[in-house]
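Peer 1: Structural data only, the sequence is not supplied:
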């Protein structure tokens, strides 16, 4: 537990510093998301023992690096289609060395993690003036819900949630994570409304609370999704980059599910209204 807290104490201020720099150098978030997407891709390739197979790994890593910069829909579609065609051409030419299951793994697992990071960048583009609100709300939902589930589960957890996928997760922890994540989203909205935005924007607190509730549920789905991938690859952790957490995917799995949902919700149901 101490290493998890220490990682958070170091990581959160560093992340806030990057968000502050966004005001002066907007591309810094794209670069950060690109690097995280790349690292997640490497961890997924390593889990399936594809990393040293450069015919597969190099195009996938380039895809992961490019996705957070593909903010135009036509560019995004092009990047995805090019990777899909390439992987199936390799499958055809190198069969039976490569199987359809391999291509399916690469497209779904790496595609999902890359789309998750890209959604953070897309959320920033929703509002040039108050863009950091979306990314901080997204991080707050994912990480507060995850932290809440961890601490409630350790303190009160008895009934296993999905023992075959993640033996340590409990129903009590999941319920606690959803409640705390929802409150965290509402608290984030209140802080921005009354301490940061002032009279420049109005936060839709009802919508933010709803996003927090659904996002907290999706954070559990993301956690279990990448735990399931680990089980299928027969690995315990994706890596050891973050002390107390494992690899970046072990820390970003919830975020990968929350970010696309928050972006899509905010597109159709605005969370902010300019005053």
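Peer 2: Ah, there it is. All figures in this text were calculated on a predicted structure; none of them were measured in a lab.
Peer 1: can you give me the strands in the protein?
Peer 2: In the chain, the strands defined using DSSP state E lie at 160-162, 166-170, 201-203, 272-274.
Peer 1: Output the contacting helices and strands for the third one.
Peer 2: Contact partners of strand 201-203 among helices and strands, from 3 or more Cβ pairs under 8 Å, 6 or more residues apart in numbering; DSSP states H and E: strand 272-274. Heads up, the C-betas are built off the backbone N, CA and C, glycines and all.
Peer 1: buried set for the strand it packs on?
Peer 2: Residues of strand 272-274 classed as buried: residue 272 (neighbour count, 16 or more other Cβ atoms under 10 Å).
Peer 1: and residue 209, which of the strands of the chain is closest to it?
Peer 2: strand 201-203 (10.4 Å; Cβ to Cβ).
Peer 1: residue contacts, the residue lying closest to residue 208 once chain neighbours are set aside?
Peer 2: For residue 208, ignoring the flanking residues on the chain, the nearest one in space by Cβ to Cβ, 6 or more residues apart in numbering is residue 189 at 3.9 Å. By Cβ atoms under 8 Å, 6 or more residues apart in numbering, the contact set of residue 189 is 137, 203, 205, 208-209, 271.
Peer 1: With neighbour count and distance to residue 53 added, can I get these in TSV?
Peer 2: Output for the contacts of residue 189, formatted as TSV (neighbours: other Cβ atoms under 10 Å; distance: Cβ to Cβ, whole Å):
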residue	neighbour count	distance to residue 53
137	25	39
203	23	48
205	14	50
208	28	44
209	15	46
271	25	43
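Peer 1: Quick one: list the elements packing against the helix ranked longest in the chain.
Peer 2: Looking across the chain with DSSP state H, the single longest helix is helix 205-233. On a contact count with 3+ Cβ pairs under 8 Å, 6+ apart, helix 205-233 meets helix 27-47, helix 131-156, strand 166-170, helix 171-191, helix 248-268.
Peer 1: one more time with 7 Å, if that's ok
Peer 2: Helix 205-233 sits against helix 131-156, helix 171-191, helix 248-268, with contacts defined as 3 or more Cβ pairs under 7 Å, 6 or more residues apart in numbering; DSSP states H and E.
Peer 1: right, so of those helices, which gets closest to residue 67?
Peer 2: helix 248-268 (12.0 Å).
Peer 1: Unless I'm misreading it, residue 55 sits right up against residue 90, doesn't it?
Peer 2: Yes: shown here, residue 55 and residue 90 form a contact pair, counting by Cβ atoms under 7 Å, at 6.2 Å.
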